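Engineer: Task: produce atomic coordinates for the following.
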Amino acid sequence: MDFEDSPEEAAFRKEVRAWLDANAKKREGKREIDPEDMENGAANEMAASKAWQKTKAKAGYARITWPKGMGGIGGTPMQSIIFGQEESKYDVPTGGPFAIGLGMCIPTLMAYGDEEAKKRYVWPAVQGDEIWCQLFSEPAGGSDVANLRTKAEKNPDGTWTINGSKIWTTGAQFSDYGIILTRTDPNVPKHKGLTMFYINMKDPGVDIRPIKQASGGSGFNEIFFTDIKVKDSQRLGAVGQGWTVALTTLMHERLAVGGGTGGGLDVPQLMQLARTLELEDGPAIKNAAVREKIADWYVRSAGLRYTTFRTMTALSQGKQPGPEASIAKIVVASKLQDLSAFAMDLEGEAGILQGNEAPMGGAFQGGWLSSPGLRIAGGTDEILRNIIAERVLGLPGDIRVDKDVPFNKIPTGR
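Structural biologist: Below you'll find the model as predicted:
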């Protein structure tokens, strides 16, 4: 593929720059909003995120590839990348509370929801009025998402009642709605008895409990559901086909984690740090070993960027994100951990400091503390390597002793 802008892409980039110049100020430093940072003094950051989201939505830049009338302009994936690249240069809130809803939940609703649901929920989510979360993982499930026990039982009037719990749900405390994977039939193998719904996170039967993390924030939550009533129209996909629906969500999640278009910790931030630090033999940026590391990170970042472009090219041809998204997700998570660890070593004694007391406001310390979670969220490294081995390389799959066993017959060790 051609990595240079086509004439049409160059014109779009010029258009985006002009719009950003008119609506935002150039970025002087890193300002990426993390949902964890929206607790103390959260109101201002949340308000800023919602205001910027609404501004983008009105211009059609909130979800560029989506159809007109749904917050988009019917653009190409490459146009979306171009906007992300240019937006990262401006002092506006990126990331924030919308990534999961717009990157995973709403695309799933658009693929499997009815027309009434699309008309009701898509536009409010696009313009930032409503926030969504993803309710998959459970305390007893580990990385085996299909081993879930949250159950949905159908009532005589056609509605459903949901009971159970979920864990590691990002941004649940800020969310208005969520998509939830439930077990509707325990008498069939675990992947076949699942059904997806969307629910109101403000329902009285939803108990959200933030989890305190090593980084000091509480971006993850444990959630308990007690007699949640949902209509059958809130079902996404057919009864018993929840795993197929969930795979759509998970592929979008891995693409979102591995397909960033700008911002975050990377080579430019590492170079900025190296310019400010002094080693025994002079500025860190002039040290041969440091320069070698920076060159290594640059090559890895370039490879990741071009892999993302390749995936986006496939999307522009109408293909769904596939198992190749797992490759980018693995690389992004491991790169953040390794790069942050190297930066902290480079900082010397200051590497153990956090926040404003640390170099660059503790950006690399925060990256190092959050990176283990990133290697777990959306599928662990081990699971994703299995996906790559089986679906990309064509290697034999793991032996599953519970493959054809009904879920209620699988030993639990209890």
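
Engineer: Determine the next helix or strand in the C-terminal direction from the least confident helix or strand in the chain by mean pLDDT.
Structural biologist: Counting by mean pLDDT, DSSP states H and E, the chain has its least confident helix or strand at strand 32-33, which shows a mean of 46. Next along the chain after strand 32-33, taking DSSP states H and E as the criterion, comes helix 42-59.

Engineer: and the following helix or strand past that next one, what other elements does it pack with?
Structural biologist: Following helix 42-59 in sequence order, the next helix or strand is helix 77-87 (DSSP H and E). For helix 77-87, the elements it packs on are helix 7-23, helix 288-316, judged by 3 or more C-beta pairs under 8 Å, 6 or more residues apart in numbering; DSSP states H and E. Quick note: C-beta positions are derived from backbone N, CA and C, even for glycine.

Engineer: and of those helices, who's closest to Ile64?
Structural biologist: Smallest distance to Ile64 across the helices and strands packed on helix 77-87 (C-beta to C-beta): 9.3 Å, for helix 7-23.

Engineer: quick check: angle from the closest one to helix 42-59?
Structural biologist: 130 degrees (axes from the mean of the first three to the mean of the last three C-alpha atoms, to 10 degrees).

Engineer: Against which helices or strands is helix 7-23 packed?
Structural biologist: Packed next to helix 7-23, using 3+ C-beta pairs under 8 Å, 6+ apart, are helix 42-59, helix 77-87.

Engineer: Show me the strands in the stretch 151-300 of the chain, by range?
Structural biologist: Secondary structure of the stretch 151-300 of the chain (DSSP state E, counting those that start in this stretch): strands at 151-154, 160-167, 177-183, 194-200, 206-211, 220-230, 235-236, 278-279, 282-283.

Engineer: export those to TSV and tack on distance to Thr308 and mean neighbour count?
Structural biologist: Shown next, in TSV, are these (distance: least, C-beta to C-beta, whole Å; neighbours: other C-beta atoms under 10 Å):
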stretch	distance to Thr308	mean neighbour count
strand 151-154	36	17
strand 160-167	30	20
strand 177-183	25	25
strand 194-200	27	24
strand 206-211	30	15
strand 220-230	26	18
strand 235-236	27	24
strand 278-279	34	12
strand 282-283	32	11
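
Engineer: and of these, who's closest to Ala57?
Structural biologist: Using C-beta to C-beta, the nearest of those to Ala57 is strand 177-183, at 17.5 Å.

Engineer: With only the CA atoms kept, save that closest one in CSV.
Structural biologist: Output of strand 177-183 as CSV, limited to C-alpha atoms (Å, rounded to 0.1, in the frame of the first residue of the first chain):
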residue,chain,number,x,y,z
TYR,A,177,-26.0,2.1,29.3
GLY,A,178,-24.1,-1.1,28.8
ILE,A,179,-24.0,-4.2,26.6
ILE,A,180,-24.1,-7.4,28.7
LEU,A,181,-23.3,-11.0,27.8
THR,A,182,-25.6,-13.4,29.7
ARG,A,183,-26.3,-17.1,29.9
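
Engineer: Show residues contacting that strand.
Structural biologist: 101, 105, 108-109, 121, 130-136, 145, 148-152, 162, 164, 166, 169, 172, 193-201, 225, 236, 242, 245-246, 249, 407 (C-beta atoms under 8 Å, 6 or more residues apart in numbering).

Engineer: That strand versus strand 220-230: what angle between them?
Structural biologist: 80 degrees.

Engineer: I'd like the distance from strand 177-183 to the chain centre, please.
Structural biologist: 17 Å (C-alpha atoms, centre = their mean, to the nearest Å).

Engineer: JSON lines please, covering the strands of the stretch 151-300 of the chain and showing mean pLDDT.
Structural biologist: Formatted as JSON lines, the strands of the stretch 151-300 of the chain follow (pLDDT from 0 to 100):
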{"stretch": "strand 151-154", "mean pLDDT": "98"}
{"stretch": "strand 160-167", "mean pLDDT": "98"}
{"stretch": "strand 177-183", "mean pLDDT": "98"}
{"stretch": "strand 194-200", "mean pLDDT": "98"}
{"stretch": "strand 206-211", "mean pLDDT": "96"}
{"stretch": "strand 220-230", "mean pLDDT": "97"}
{"stretch": "strand 235-236", "mean pLDDT": "98"}
{"stretch": "strand 278-279", "mean pLDDT": "90"}
{"stretch": "strand 282-283", "mean pLDDT": "90"}
